[in-house]
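Engineer: sequence first, then the predicted structure, then my questions.
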Amino acid sequence: MKETDILIVGAGPAGLSAGIAAAKHGAKVLVIDENRKPGGQLFKQIHKFFGSREHNAGVRGFRIGEKLLEETEALQVEVLLGYPVYGIFDDNLALYGSANGVQSVKAKKLILATGANENNLCIQGSTLPGVMTAGAAQTMVNLHHVQPGSRVVMVGSGNVGLIVSYQMLQAGIDVVAVVEAAPSIGGYGVHANKLRRAGVPFYLSHTINRIMGEGGVQQVELVELDHFQPVPGTETILDADTVCMAVGLTPMVELARMAGCQMVEIPSLGGVLPLHDEDMRTTNPNVYIAGDISGVEEASTAMEEGRLAGIAAAEALGYLTTECAAQEKDAIRTRLNTLRSGDFGQKRADAKEQIVNYFHQGGKQ
């Protein structure tokens, strides 16, 4: 059985950032991820980040991932890839799969950075070949350099739908339409305007009524919505061979449930997620969370939450003083407040404050 100070499940931006923050102060850190490549979503993100310099403005996502990997290697953080974690049990014992069968690791503290699953729509024809999530299409295009199709309909105008649509355009794929059930675009204007300039039509207050084809997607029928209800007689048919769903994410909380963490439902952050305090500590005092498992936000936020969880866990183990930890945590919280400012961020800031209040009220909503 392996032993470590801190076990981190998930080698995405939150998990790697947590490992770096804890290892900088001397903690022994083990990171386990079921994927064969570290970095999570960052290695699919070929676009440049924007915002402030401290949040990697002007740097492409995969470059940020490479930098995180370099830091983990320099700090001798152990990273096990291709190893799924099956469960967390009493006394902080975790079981994971490996080439040599099921293995165990015992940690003093755990940080869960398991991310989120993509949502999908259950509609007529949604099981046809050619229907996939936006993340799957992004993986095909940016990692494997394979076109998922030649004529794509994107469902969802949040940042994921907008960014992936533009990346498919860059890969030579015709984006036939971006379909959005709401009356307005959900993502940042800077992403939407790039699509508009490329001539991609937006169908707002519309949804897919059905997907048609023999052996694969051939046509997509749209219908107009009035207060999210279909309007008969407004159907429009588009020729397409691919449908991508960018309709939100749901936090992956299975391991947190096994660890006995109390859950809370916050729809604006993706649904059910572990209750946690301002240090990312759950109701199980040995378990911390970071990234999309704590509420679906952006990669920059995930990295900051990872740093916060890593420092808090290292502090709890005595690797840095309360004063030093407080100084670092205050700086991180200031950056998080900046990321959660403005029209898009305020709802997330309010939701996070709500979660912390619930935590200190003993989990009462």
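Structural biologist: Noted; the coordinates are in hand.
Engineer: and the helix or strand of the chain at the bottom of the mean pLDDT ranking, what does it pack onto?
Structural biologist: Scoring the helices and strands of the chain by mean pLDDT, DSSP states H and E places helix 61-74 at the bottom, with a mean of 80. With contacts defined as 3 or more Cβ pairs under 8 Å, 6 or more residues apart in numbering; DSSP states H and E, the packing partners of helix 61-74 are helix 13-23, helix 299-316. The way it works is simple: take the backbone N, C-alpha and C, and place the C-beta from them, glycine included.
Engineer: can you tell which of the ones you listed is closest to Arg281?
Structural biologist: Across these, Arg281 has its closest neighbour in helix 299-316 (6.2 Å, Cβ to Cβ).
Engineer: sorry, back to before: export the helices and strands packed on helix 61-74 as a markdown table, with columns for mean neighbour count, mean pLDDT and distance to Ala136.
Structural biologist: Output for the helices and strands packed on helix 61-74, formatted as a markdown table (neighbours: other Cβ atoms under 10 Å; pLDDT from 0 to 100; distance: least, Cβ to Cβ, whole Å):
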| stretch | mean neighbour count | mean pLDDT | distance to Ala136 |
| --- | --- | --- | --- |
| helix 13-23 | 30 | 95 | 19 |
| helix 299-316 | 27 | 95 | 18 |
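Engineer: which one, of those helices, ends up nearest to Ser150?
Structural biologist: Here helix 299-316 is closest among the helices and strands packed on helix 61-74 (Cβ to Cβ), at 29.4 Å.
Engineer: show me where the stretch 151-300 of the chain has its strands.
Structural biologist: Here the stretch 151-300 of the chain has its strands, by DSSP state E, counting those that start in this stretch, at 151-155, 174-180, 202-204, 206-212, 219-226, 229-230, 236-239, 242-245, 249-251, 263-266, 271-274, 287-289.
Engineer: ok, which of those comes nearest Ile32?
Structural biologist: strand 287-289 (14.7 Å).
Engineer: which other residues reach the closest one?
Structural biologist: By Cβ atoms under 8 Å, 6 or more residues apart in numbering, the residues outside strand 287-289 that reach it are 18, 88, 109-113, 256, 259, 261, 273-274, 276, 279-282, 309, 312-313.
Engineer: now do stretch 6-16: distance from first to last residue.
Structural biologist: Distance between the boundary residues of stretch 6-16 (Cα to Cα, to the nearest Å) amounts to 12 Å.
Engineer: Cys122 is nearest to which of the helices and strands packed on helix 61-74?
Structural biologist: helix 299-316 (28.4 Å).
Engineer: packing partners for that closest one?
Structural biologist: Short answer (3+ Cβ pairs under 8 Å, 6+ apart): helix 299-316 packs on strand 2-9, helix 13-23, helix 61-74, strand 101-112, strand 287-289, helix 322-339.
Engineer: now the first one: buried residues?
Structural biologist: Looking back up the chat, that one is strand 2-9. Buried residues in strand 2-9, defined by neighbour count with 16 or more other Cβ atoms under 10 Å: 4-9.
Engineer: cool, thanks, talk later.
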